[in-house]
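Engineer: Fold the following for me, if possible:
(chains A and B)
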2 protein chains.
Amino acid sequence: MPDPDQNPSPEELGAASPPAVVLFSGGLDSSTVLAIALEEGFQPIPVTFLYGQNHAIEVEAADRVAKSLRVVPPLKLELPFGQIGGSSLLGEGAIPKEPEGGAGSGEIPSTYVPARNLTFLSFAIGIAEARGARDIFIGVNALDYSGYPDCRPQFIDAFVRAANLGTRDGSTAEEPWWRIHTPLIELTKAQIITRGTALGVDYSETISCYDPTSAGQACGVCDSCGLRRRGFEDAEIPDPTRYV
Amino acid sequence: MPDPDQNPSPEELGAASPPAVVLFSGGLDSSTVLAIALEEGFQPIPVTFLYGQNHAIEVEAADRVAKSLRVVPPLKLELPFGQIGGSSLLGEGAIPKEPEGGAGSGEIPSTYVPARNLTFLSFAIGIAEARGARDIFIGVNALDYSGYPDCRPQFIDAFVRAANLGTRDGSTAEEPWWRIHTPLIELTKAQIITRGTALGVDYSETISCYDPTSAGQACGVCDSCGLRRRGFEDAEIPDPTRYV
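Structural biologist: Numbers count the residues shown, from 1 in each chain, chains lettered A, B, ... in the order given. Below you'll find the predicted structure:
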């Protein structure tokens, strides 16, 4: 019998917390998602994809945020999106300044990366299956977002169905298996910032900019910087971002 | 007016042939698929994934087969499956000898790689979108196969739906966009070999073995070797495989 007066050891706590793969770039959204996964009692397996530009800066931010949330360092996976191309985010053409596309405009901006979330989620499923996890967290957002089709709930739902049919765990389970958590999907940027601030996320460590300097300063003029800046304004929380 | 007596130039022919991404490992099945894509009038973009063991041998085979079919050299993409694990094909445990799992046994063998075709197809969609292609070929087979859930038609159908919702081309098209061709899905291994032989595939260049020697000889005892060997026997075509 365990002694009820004795606190559980970290190992016991760890065993009690189900593992969850968290797609984690070190940006504002995914850092908030990491904090939410923790709060919901999961043991996060953060995964950071290196797939184009600004590797070093983003990886450093991801490591710092994970450390400040007391989570294991992110698993870093290098993906060959540079050989695929088709996006201004991968160096083809300039990063657009606002306004271009964005939610409600009906246009998909040039920063769209072909099949990015399809690929990221596929790796997340593979990692989860290999490590005995069933839960995946992703910071997609269908409200204050950049107009990307792979951030919409109907895409996530269809993906889960494909993953259930195309994996060992999914195809042998008696119930729909994979759970993809999208805790930000219906939040505004201001609500995301308010939630993360309450959970102790240090947003000064996070980088959202599509085109940061080598010192990690945000450009302040790209679509992602604009969404972030207005989010802090609307949330009435001081913006700790270091702009150029 | 073009002169009807003059043959079209390669450029004209090339422009007339729609591009198609062909998932191509240099093995028996995908080499047959590459020949089928050519025969159907597509201009193949062969893609070879490097994701675990035997890189050099498989890549050499893929290059040789592409050359013998007069197709451009495969695009080679390195994927970090080694960091994901969860498969005997990635070095975790021994490659099983026959019989283990296989079609009809109801068991998924240890050579299953978590989320492999989910990931491969996601990259194929990204490449197709970046290059203006709409068609993708994959050599999955639901008959003489190894029992992998990601080789079944219901998985492919669900994946196409997710890809239509999660990409720019798919979400903005007025009709279902992506076409995933699975020309082997209902063929026996013998029928695949008969078809490929008629199309001029040189199977002596292809490697199917899960555990080949560094000289490219097949082990002859793994699940994949067994399926292949029986295929040649059933097709009554001499087996050109170099066994140990």
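Engineer: So residue A:29 versus residue A:244, what's the distance?
Structural biologist: 22 Å (Cβ to Cβ, to the nearest Å). (C-beta placed from N, C-alpha, C; glycine too.)
Engineer: Show me which of the two is the more surrounded one.
Structural biologist: A direct count of neighbours by other Cβ atoms under 10 Å in any protein chain shown for residue A:29 and residue A:244 places residue A:29 higher, at 30 against 13.
Engineer: Could you find the closest non-adjacent residue to the more buried one?
Structural biologist: Closest residue to residue A:29 in three dimensions, ignoring its sequence neighbours and counting by Cβ to Cβ, 6 or more residues apart in numbering or on different chains: residue A:139, at 3.7 Å.
Engineer: check contacts around the one you found.
Structural biologist: A:23, A:27, A:29-30, A:32-33, A:182-184 (Cβ atoms under 8 Å, 6 or more residues apart in numbering or on different chains).
Engineer: The residue nearest to the spatial centre of chain A and residue A:213, how far apart?
Structural biologist: When chain A is reduced to its mean C-alpha position, the nearest residue by Cα atoms, centre = their mean turns out to be residue A:30, at 3.2 Å. Plainly put, residue A:30 is 21 Å away from residue A:213 if you go by Cβ to Cβ.
Engineer: cool, residue A:198 as well?
Structural biologist: When residue A:198 is compared with residue A:213 (using Cβ to Cβ), they lie 30 Å apart.
Engineer: Looking only at neighbour counts, state which of the two leads.
Structural biologist: residue A:213 (14 against 10).
Engineer: The more buried one and residue A:242 touch, don't they?
Structural biologist: No: using Cβ atoms under 8 Å, residue A:213 makes no contact with residue A:242, being 9.2 Å away.
Engineer: can you tell me if the longest helix seen in chain A touches chain B.
Structural biologist: If you go by DSSP state H, chain A has its longest helix at helix A:116-131. Yes: Helix A:116-131 lies within reach of chain B by Cβ under 8 Å from any Cβ of the partner chain, at A:116-119, A:122-123, A:125-127, A:129-131.
Engineer: Mind giving me the ChimeraX command for buried ones among these?
Structural biologist: Buried residues among these (16 or more other Cβ atoms under 10 Å in any protein chain shown), as a ChimeraX selection:
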select /A:116,117,118,119,122,123,125,126,127,129,130
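Engineer: And the residues of helix A:116-131 next to chain B, which is closest to residue B:46?
Structural biologist: Nearest to residue B:46 out of the residues of helix A:116-131 next to chain B is residue A:119 (Cβ to Cβ; 19.0 Å).
Engineer: Grab the nearest non-local neighbour of that closest one.
Structural biologist: In this structure, residue A:119 finds its nearest non-sequential neighbour in residue B:122, 4.2 Å apart by Cβ to Cβ, 6+ apart.
Engineer: Let's see the pLDDT reported for the one you found.
Structural biologist: Confidence at residue B:122, expressed as pLDDT, is 98.
Engineer: Touching, it and residue A:122? I think so.
Structural biologist: Yes: assessed by Cβ under 8 Å, residue B:122 is found in contact with residue A:122 at 4.7 Å.
Engineer: Let me know the average pLDDT across stretch A:223-236.
Structural biologist: 92.
Engineer: and that stretch, anywhere near chain B?
Structural biologist: No: using Cβ under 8 Å from any Cβ, stretch A:223-236 never reaches chain B; the gap is at least 15.6 Å.
Engineer: Kindly export that stretch (C-alpha atoms) in PDB.
Structural biologist: The C-alpha trace of stretch A:223-236 is given here as PDB (Å, rounded to 0.1, in the frame of the first residue of the first chain):
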ATOM      1  CA  ASP A 223       1.700  38.700 -41.300                       C
ATOM      2  CA  SER A 224       2.800  36.700 -38.300                       C
ATOM      3  CA  CYS A 225       4.200  39.700 -36.400                       C
ATOM      4  CA  GLY A 226       1.000  41.700 -37.200                       C
ATOM      5  CA  LEU A 227      -1.300  39.000 -35.700                       C
ATOM      6  CA  ARG A 228       0.900  38.700 -32.700                       C
ATOM      7  CA  ARG A 229       1.200  42.400 -32.000                       C
ATOM      8  CA  ARG A 230      -2.600  43.000 -32.300                       C
ATOM      9  CA  GLY A 231      -3.100  40.000 -30.000                       C
ATOM     10  CA  PHE A 232      -1.200  41.600 -27.200                       C
ATOM     11  CA  GLU A 233      -2.900  44.900 -27.800                       C
ATOM     12  CA  ASP A 234      -6.400  43.300 -27.700                       C
ATOM     13  CA  ALA A 235      -5.500  41.200 -24.700                       C
ATOM     14  CA  GLU A 236      -4.200  44.400 -23.000                       C
END
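Engineer: now that stretch, how far from the centre of its chain.
Structural biologist: With Cα atoms, centre = their mean, to the nearest Å as the basis, stretch A:223-236 stands 17 Å off its chain's centre.
Engineer: now the residue lying closest to residue A:182 once chain neighbours are set aside: how far from residue B:58?
Structural biologist: Leaving aside its sequence neighbours, residue A:182 sits nearest to residue A:140 (Cβ to Cβ, 6+ apart; 5.4 Å). In this structure, residue A:140 and residue B:58 are 35 Å apart, going by Cβ to Cβ.
Engineer: Check residue A:94 too.
Structural biologist: 39 Å.
Engineer: Looking at those two now, which is surrounded by more residues?
Structural biologist: residue B:58 (24 against 9).
Engineer: So what's the residue count around residue A:70?
Structural biologist: Using other Cβ under 10 Å: residue A:70 sits among 7 other residues.
Engineer: quick one on the thing from earlier: can you report how many residues lie near the residue nearest to residue A:182?
Structural biologist: When neighbours are counted by other Cβ under 10 Å, residue A:140 comes out with 23.
Engineer: Follow the chain on from the lowest-mean-pLDDT helix or strand in chain A and name the next helix or strand.
Structural biologist: When the helices and strands of chain A are scored by mean pLDDT, DSSP states H and E, helix A:10-16 comes last with a mean of 55. Per DSSP states H and E, the first helix or strand lying C-terminal to helix A:10-16 is strand A:19-23.
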